[in-house]
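Q: coordinates only, no sequence provided:
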């Protein structure tokens, strides 16, 4: 027997010619392989032969009411992303029907029932149960997480093609037991990420993949930053080497990297790495504090609402604010020599902004955050509700490190292919 993913054909719902045997990537509909028009084997292109086989089904139709009521409440309270709500509502609108949960395959979780010797569970019936079993394998207190909806909020992140399994099939499975479970609270769903005006294709060697990343020599923080900055939260987005390199050179290197390096090196050169006596009483510093807290408030709002791209934008806005403050203050040898009090205030303020930045970027670029902490010679800090000074005069910094380096796109685009940018 062929696995679902090894059967391709034309989608009977939307006409997409490369739909798979279990799902259409174009319209998102779940399919049965025998529903495909002009089905073919993905391996050799031949037409597969249909055979009869005995299977188990999950009677979702008997759970339409309870599942629909739960979805209405959960999607509103948990503020599900728009695309996840749309996909789920399409399922409900068509009416839930029995779904086959077994397959004729040699690999997978065996069905432990008589007459099912050569059957395994369908991966999307079986895999979500793994969330529970993996937790149970880790701790015998697993029910504190998975049977505790009053105290635990479940957040899940996935591509839009996996939505129905997590908003309909798995919750229905749990609801059908009649027991109390920790069900989905918030769902953050992404659209598709494309590559250089075309689609990623492993078989055609178009794109850059996880096993290629280490060979590029590009630090993981750069990958994390770029991919999160273009995260397709509301519509498809495009990976291009030109944009990748531009973001590294202008946003990471020239903005964040320059800000941190300039302040740390200046402190080491002029103050022997020891934070000078300073105050935040000046008008410029009071204005700066207000601006920092405005950005921090918006960052927290974005993260609370799982607006990951917006959160990253706010973190980088804080770095830009720090750079602007340095420019307006004219931090240089003249300021140090002629206006020592102002120079000390600039260093004290920016060192503390950098400390806050280390916390804001940690979810996005943990290794970069660690480098900043080493340079500041401080422990990791939590993200505060309001910004105040945390590093005081006479604190000694660590050694300066470069956070990023300049990149050139030609060698990467030539190696990994793609269309014109």
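A: Yes, it's here. Because the structure is a prediction, the values reported are computed rather than measured.
Q: starting at the chain centroid, how far to stretch 347-364?
A: Distance, stretch centre to chain centre, for stretch 347-364: 22 Å (CA atoms, centre = their mean, to the nearest Å).
Q: shaky segments in the protein?
A: 203, 411, 413-421 (pLDDT under 70).
Q: tell me which stretches of it form strands.
A: Residue ranges of the strands in the chain, as given by DSSP state E, are 7-10, 19-20, 37-41, 57-58, 99-100, 102-103, 120-121, 154-159, 184-190, 193-195, 237-239.
Q: out of these, which gets nearest to residue 168?
A: With CB to CB, the closest approach to residue 168 among these belongs to strand 99-100: 9.0 Å. From N, CA and C alone the C-beta is placed, and that goes for glycine too.
Q: neighbouring strands - and their directions - for the closest one?
A: The strands beside strand 99-100 in its sheet (DSSP bridges) come out as strand 57-58 (antiparallel).
Q: contact partners of the strand it pairs with?
A: 98, 99, 100, 101, 125, 169, 172, 173 (CB atoms under 8 Å, 6 or more residues apart in numbering).
Q: neighbours of the last one, just the number please.
A: Residues within reach of residue 173, counting by other CB atoms under 10 Å, total 18.
Q: so how far is residue 83 from it?
A: Applying CB to CB, to the nearest Å, the value for residue 173 to residue 83 is 23 Å.
Q: now do the helices in the stretch 251-400 of the chain.
A: In the stretch 251-400 of the chain, the segments counted as helices under DSSP state H, counting those that start in this stretch are 258-271, 283-304, 308-329, 333-338, 340-360, 366-376.
Q: how far away is the residue nearest to the spatial centre of the chain from residue 161?
A: For the chain, the residue sitting closest to the mean C-alpha position, by CA atoms, centre = their mean, is residue 228 at 6.2 Å. Computed as CB to CB, the residue 228 to residue 161 distance reads 20 Å.
Q: let's have the strands of the chain in a markdown table, adding distance to residue 113.
A: Converted to a markdown table, the strands of the chain look like this (distance: least, CB to CB, whole Å):
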| stretch | distance to residue 113 |
| --- | --- |
| strand 7-10 | 26 |
| strand 19-20 | 28 |
| strand 37-41 | 29 |
| strand 57-58 | 13 |
| strand 99-100 | 15 |
| strand 102-103 | 10 |
| strand 120-121 | 11 |
| strand 154-159 | 29 |
| strand 184-190 | 28 |
| strand 193-195 | 40 |
| strand 237-239 | 44 |
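Q: most tightly packed of those strands?
A: Comparing the strands of the chain by mean neighbour count (mean count of other CB atoms under 10 Å), strand 19-20 comes out on top with a mean of 24.
Q: could you check how far that strand is from the centre of its chain?
A: 26 Å.
Q: which neighbouring elements make contact with that strand?
A: Applying 3 or more CB pairs under 8 Å, 6 or more residues apart in numbering; DSSP states H and E, we find strand 19-20 packed against strand 7-10.
Q: roughly how far out does the strand it packs on sit from the chain middle?
A: 30 Å.
Q: which helices and strands does it pack with?
A: On a contact count with 3+ CB pairs under 8 Å, 6+ apart, strand 7-10 meets strand 19-20, strand 37-41.
Q: give me the contact list for stretch 243-258.
A: Contacts for stretch 243-258 (CB under 8 Å, 6+ apart): 218, 221-222, 225-226, 229-230, 316, 319-320, 323, 357, 361, 368, 402-409, 412, 421.
Q: buried ones from those residues, can you make that a ChimeraX selection?
A: Filtering the contacts of stretch 243-258 down to the buried ones (16 or more other CB atoms under 10 Å) takes a single ChimeraX command:
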select :218,221,222,225,226,229,230,316,319,323,357,361,368,403,404,407,409,412
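Q: just the contacts of stretch 243-258: which are in helices?
A: Using DSSP state H, the subset of the contacts of stretch 243-258 located in helices is 221, 222, 225, 226, 229, 316, 319, 320, 323, 357, 368, 412.
Q: nearest to residue 201 among those residues?
A: Comparing the ones in helices among the contacts of stretch 243-258 against residue 201 with CB to CB places residue 412 closest, at 17.2 Å.
Q: excluding chain neighbours, what is closest to that closest one?
A: Setting aside the residues directly before and after it, residue 412 is nearest to residue 241 in space (CB to CB, 6 or more residues apart in numbering), at 5.1 Å.
Q: can you tell me how far that neighbour sits from residue 371?
A: 25 Å.
Q: same question, residue 321
A: For residue 321 relative to residue 371 (CB to CB), the value is 21 Å.
Q: neighbour count winner among those two?
A: Legend: neighbour count by other CB under 10 Å for residue 321 and residue 371, higher for residue 371 (20 against 17).
Q: I'd say the more buried one and residue 401 touch.
A: Yes - assessed by CB atoms under 8 Å, residue 371 is found in contact with residue 401 at 5.2 Å.
Q: show me the contacts for residue 30.
A: If you count contacts by CB under 8 Å, 6+ apart, residue 30 has them with 22, 23, 99, 164.
Q: restricted to helices, list those residues.
A: residue 164.
Q: spatially, which two of the contacts of residue 30 are the most separated?
A: Longest span within the contacts of residue 30, CB to CB: 23 and 99, 12.2 Å.
Q: circling back to that earlier point, can you list the contacts of strand 57-58 in JSON lines and add distance to residue 353?
A: Putting these into JSON lines (distance: CB to CB, whole Å) gives the following:
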{"residue": "98", "distance to residue 353": "58"}
{"residue": "99", "distance to residue 353": "53"}
{"residue": "100", "distance to residue 353": "56"}
{"residue": "101", "distance to residue 353": "53"}
{"residue": "125", "distance to residue 353": "50"}
{"residue": "169", "distance to residue 353": "47"}
{"residue": "172", "distance to residue 353": "49"}
{"residue": "173", "distance to residue 353": "48"}
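Q: and which of those is nearest to residue 235?
A: residue 169 (25.8 Å).
Q: got a list of what the closest one touches?
A: 58, 60, 99, 124, 125, 128 are the contacts of residue 169 under CB under 8 Å, 6+ apart.
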